[in-house]
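Colleague: Provided below are the primary sequence and the corresponding predicted coordinates.
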Amino acid sequence: MKKLNCAFYNILPDLKTYTRNKMSGFNLTISDKPFELEKLDSKTEILGIFVEAKIDKKVFQKLPNLKMIATFSTGYDHVDLKEAKKRKIPICNVPTYGENTVAQHAMALILAISKKIFASTKRVKEGNFDYHGLCGFDLKDKTVGIVGTGHIGYYMIKMLSGFDVNIIAYDPFPNTKLAKELNFKYVSLNKLLAESDIVSLHVPLLPQTTHMINKRNIKKMKPGVIIINTSRGGLIEPEALVWGLETGHIASAGIDVLEEERYISHPEFLFEQNCQAQDVKDSLMENIIIDHPNTIVTPHNAFNTTEAIKRIIDTSIANVKAFSKGETQNDVTKPRKK
C-alpha cells in the first residue's frame, strides 16, 4: 500500500519524536518552524498546520497533489474553505482539545488584571517594592458576561463559580439545562454588554461575529468595563478597542488574539501587493493595543500546554489515519452529524 506524503509544520521540538512514532506507515516531513510557501514540497498529499498558517489559493496551487488538510486547531478561518470545497479537499479539525486549557488562560487574564499582576511584577523586578498605585479590585459580586457557552464557555463559567460572581451569558443557542446546572442566566447580547463589569468572548469567528465588539457596542457597555478575548482577534474591531481604552470607557483588556497577528510578527507582509490599506491601519492600531498600559497581550498562547498539544496531535493523527483508510472525520467542509 502506497505511503501518503505528509508534511507537518510548527510541531514543538520535544513533540517531534512523539509525533513521528505515531505516524509510522506514512512518509512524514516534520518541522518545528512555520511553513514557507516557496519551500512547500509539491508532492505533499496531507498538510498539517496550526492557526498561524494562512492557507489560501496560492498554497493550493503550490500543492497539486494535496488530498487533505489537518488543522491542529478547532477554528479553521485561516484556511480558504471555499477553495478547499472547490477542490474537494477535506479540512479536518480538532473539535475539542483545550476547553479547560483556554478557559484557564482567560481566567488568568482576569486575575492578572484584577490584581495588577503585570505592573506589580515589573515594579519589583525594577527594585521598587512600593505598592501605591497598584490597587486592584475584588471579583466578588462583580457581573461577568460570557459570550458563547460552548465547551470553553462552559469551563469558564465553572471556574468563575468559585469567585462569588454574578454570571450572565449570551448564546444564539441557549443551553437551558447548562444554565440550571451552573446557576447562571441567559440574557440578550445588549443586556449582557450593559450589565457586565467583565466581558469574556468565547465564540468562533464567523461573518455574524466579526467585529461584534465595535464602537457602537462598546458605547453600550458600562464605563470601566474589562474585555477578555481568547477566541479570535477578528471578534474585536482594533480601532474601536483603542478608542475605548483611550477614552477610559474600557478600563482594561486581556487579549490573547489579534486580528492582524501575522502583520505584527511579520511586518514585511505589509508591503505585499495584495495588502489592503485597512490591514495596515489595523496593524498600527494593534501595535497601540500591545503597547497600551491598560492591556495585557499574550501571543496566541491560550491553547499552549503540554497536555492540550498532545490532545491536538493525537486527534489530528487520528484524522489522518482515518482518511488513509478511506474515511473522513471532523471534516469542516461538510455539515456535522447531530
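Modeller: Noted; the coordinates are in hand. Numbering: from 1, shown residues only.

Colleague: State whether Ser120 is indeed within a helix.
Modeller: Yes. Using DSSP: H, G, I helix; E, B strand; the rest coil, the assignment for Ser120 is a helix.

Colleague: how near is it to Ala253?
Modeller: Going from Ser120 to Ala253 by Cβ to Cβ, to the nearest Å gives 18 Å. Every C-beta, even on glycine, is put in place using the N, C-alpha and C of the backbone.

Colleague: I'd like to know which helix or strand in this protein has the lowest mean pLDDT.
Modeller: Using mean pLDDT, DSSP states H and E, helix 261-265 stands out as the lowest-scoring helix or strand of the chain, at a mean of 56.

Colleague: on that earlier part again, of Ser120 and Ala253, which one has the most company?
Modeller: When Ser120 and Ala253 are compared on other Cβ atoms under 10 Å, the one with more neighbours turns out to be Ala253, at 24 against 16.

Colleague: How about Arg232: what's its closest non-neighbour residue?
Modeller: Among residues not flanking Arg232 along the chain, Leu205 sits closest, at 3.8 Å (Cβ to Cβ, 6 or more residues apart in numbering).

Colleague: Now for that neighbour: which residues touch it?
Modeller: Applying Cβ atoms under 8 Å, 6 or more residues apart in numbering, we find Leu205 in contact with Gly75, Asp77, Ser231, Arg232, Gly234, Leu235.

Colleague: which residues sit in contact with Asp314?
Modeller: By Cβ under 8 Å, 6+ apart, Asp314 lies in contact with Lys22.

Colleague: For it, give its distance to Glu307.
Modeller: Using Cβ to Cβ, Asp314 is found at 11 Å from Glu307.

Colleague: same check, this time on Thr71
Modeller: The spacing between Thr71 and Glu307, counted by Cβ to Cβ, is 19 Å.

Colleague: Kindly report the same for Gly153.
Modeller: Distance, Gly153 to Glu307, by Cβ to Cβ: 20 Å.

Colleague: biggest helix in this protein, by residue count?
Modeller: In the chain, taking DSSP state H as the definition, the longest helix is helix 306-324.

Colleague: and it, what's its mean pLDDT?
Modeller: For helix 306-324, mean pLDDT rounds to 94.

Colleague: Mind listing what's buried along that helix?
Modeller: Buried residues in helix 306-324, counted by 16 or more other Cβ atoms under 10 Å: 308-309, 311-313, 315-324.

Colleague: if we take these, which one ends up nearest to Ile113?
Modeller: Among the buried residues of helix 306-324, Ala308 lies closest to Ile113 (Cβ to Cβ), at 23.0 Å.

Colleague: isn't the closest one right up against Thr96?
Modeller: No. Between Ala308 and Thr96 there is no contact under Cβ atoms under 8 Å: 10.3 Å.

Colleague: Which residue is the nearest non-sequential neighbour of Pro223?
Modeller: His249 is the one closest to Pro223 (Cβ to Cβ, 6+ apart), at 5.4 Å.

Colleague: Leaving out the residues flanking it, which one is nearest to the most centrally placed residue in the chain?
Modeller: In the chain, the residue lying closest to the centroid (Cα atoms, centre = their mean) is Ser231, at 3.7 Å. Leaving aside its sequence neighbours, Ser231 sits nearest to Leu201 (Cβ to Cβ, 6+ apart; 5.0 Å).

Colleague: which residue ranges form the helices in the stretch 101-250 of the chain?
Modeller: For the stretch 101-250 of the chain, the helices defined by DSSP state H, counting those that start in this stretch cover 117-125, 151-160, 176-182, 189-195, 215-220, 238-247.

Colleague: would Ala253 count as being in a helix?
Modeller: No. Assessed with three-state DSSP, Ala253 is strand; it does not lie in a helix.

Colleague: Am I right that the residue nearest to the centre of the chain is in contact with Gly148?
Modeller: Yes. Ser231 is in contact with Gly148 according to Cβ under 8 Å; the separation is 7.4 Å.
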